[in-house]
Structures are given as structure tokens and as C-alpha cells.
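Undergrad: Task: produce atomic coordinates for the following.
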Amino acid sequence: MMEHPDESRIESRAQLAPEELAAGSDDPHRQAEIILEDSDARTEDPERTLHDSAQTPDRQDQLPEHEAHPAD
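TA: Modelled structure (predicted):
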């Protein structure tokens, strides 16, 4: 079971990057919590992340057929 990110990490991440400021955020604190929880989960279980990600190199078996073997 993952722990909730600590408050200092949340506060630090809640400081929006310029592109996030431009896009806007209704709740930067909650956005930071979600981002950090996702990041922590990926760090805690990198094999699951590798398996689950369609963007992972050499994972052609996870792509739809038209993406796995694009036309030349």
C-alpha cells in the first residue's frame, strides 16, 4: 500500500510550472497530490509501469495492430 505524499512535497509541486499557469488549475494542491501519487506508484512498481505503458519502447505487443506495424 502506498503512502500519501508528504505535505512538503505537495506544497513544492503545487507551485505551478509556466505552462500549467497558462492552462490554469482549479486546485493546484489537489493536482500536486494526484501527480505525486502517480509518480510514487510508478517508482514503487517499475515493472508494472513498464508493462502497462503503451509508450514503453519495445512493447509492440501492447499496441493496436495498426500502430504496432505501421505501413512503410
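
Undergrad: C-alpha only now, for contacts and for neighbours.
TA: Fine.

Undergrad: Would you mind listing the buried residues in stretch 17-25?
TA: For stretch 17-25, burial by neighbour count (16 or more other Cα atoms under 10 Å) applies to no residue.

Undergrad: Identify the residues contacting the longest helix along the chain?
TA: Longest helix of the chain, by residue count under DSSP state H: helix 28-44. By Cα atoms under 8 Å, 6 or more residues apart in numbering, the list of residues contacting helix 28-44 from outside reads 2, 4, 5, 10, 11, 13, 14, 15, 16, 25, 48, 49.

Undergrad: Pull out the buried positions in that helix.
TA: 28, 29, 31, 32, 33, 36, 37, 40, 41.

Undergrad: ok, the residues you listed vs residue 21, which is closest?
TA: residue 28 (9.6 Å; Cα to Cα).

Undergrad: now that closest one: how far from residue 17?
TA: 11 Å (Cα to Cα, to the nearest Å).
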